[in-house]
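Visitor: sequence first, predicted coordinates after that:
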Amino acid sequence: MGGAKDGPFTPLVKLTKRVMGEQRFLKFRANVISEHTKVIQAFVETSDSPFGCIALKKMFELADMDGSGAIDGEELKAALRRLGFSHLSDDQIDKILARADADDNCTIDYDEFVKEAPKTLKVNLVKLAKANGAELGFLS
């Protein structure tokens, strides 16, 4: 992939590409990325399971830093940054808040969080994985 970053795995990726041949390697890497994306999506889809409910509750508690029972814009921004979603702009975070805030009180309560979190996580975990893969040299 032209313009890809070099990272700690770049030498291994380049060696594998030479051994396998570029066409086989590109197909293999595309399959690995596809399967990884499916794993992320399947994990997020567990949000209705007992495990998923516990995970969402913990995430909400961690995001609600002042213990008010609701997440405001600053808490949401801090929580998303702690998850590694540094690719999200302030404007994008404001849009997530607006989309989740069903009662228009400028905060996200637990029920609103449970409805929005899986969708936001699914999209942004895949983006985070792609960015991390690039930084590690997997896309070299």
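Guide: Good, I have the coordinates.

Visitor: which element follows the helix or strand that contains K17 toward the C-terminus?
Guide: Element membership for K17, per DSSP states H and E: helix 10-20. The element immediately downstream of helix 10-20 (helix or strand, assigned by DSSP H and E) is helix 22-44.

Visitor: buried set for the very next helix or strand once past that next one?
Guide: Once the chain leaves helix 22-44, the next helix or strand it forms, by DSSP H and E, is helix 50-63. Residues 52, 55-56, 59-60, 63 are the ones in helix 50-63 that count as buried (16 or more other CB atoms under 10 Å). In this view, the C-beta of every residue, glycine as well, is placed from N, C-alpha and C.

Visitor: what does helix 50-63 contact?
Guide: Defining contact as CB atoms under 8 Å, 6 or more residues apart in numbering, one finds that helix 50-63 is touched by 46-47, 71, 75-76, 78-79, 82, 110, 113-114, 117.

Visitor: and stretch 112-122, by the same measure?
Guide: Residues outside stretch 112-122 that contact it (CB under 8 Å, 6+ apart): 40-41, 44-45, 47, 56, 59-60, 63, 71, 96, 99-103, 108.

Visitor: could I have the CA atoms of that stretch written out in CSV?
Guide: C-alpha atoms of stretch 112-122 as CSV (Å, rounded to 0.1, in the frame of the first residue of the first chain):
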residue,chain,number,x,y,z
GLU,A,112,-29.6,7.0,25.8
PHE,A,113,-26.1,5.7,26.3
VAL,A,114,-27.1,2.1,25.9
LYS,A,115,-28.9,3.0,22.6
GLU,A,116,-26.0,5.0,21.1
ALA,A,117,-22.9,3.3,22.4
PRO,A,118,-22.9,0.1,20.2
LYS,A,119,-23.3,2.1,17.0
THR,A,120,-20.5,4.6,18.0
LEU,A,121,-18.2,1.8,19.2
LYS,A,122,-18.7,-0.3,16.0
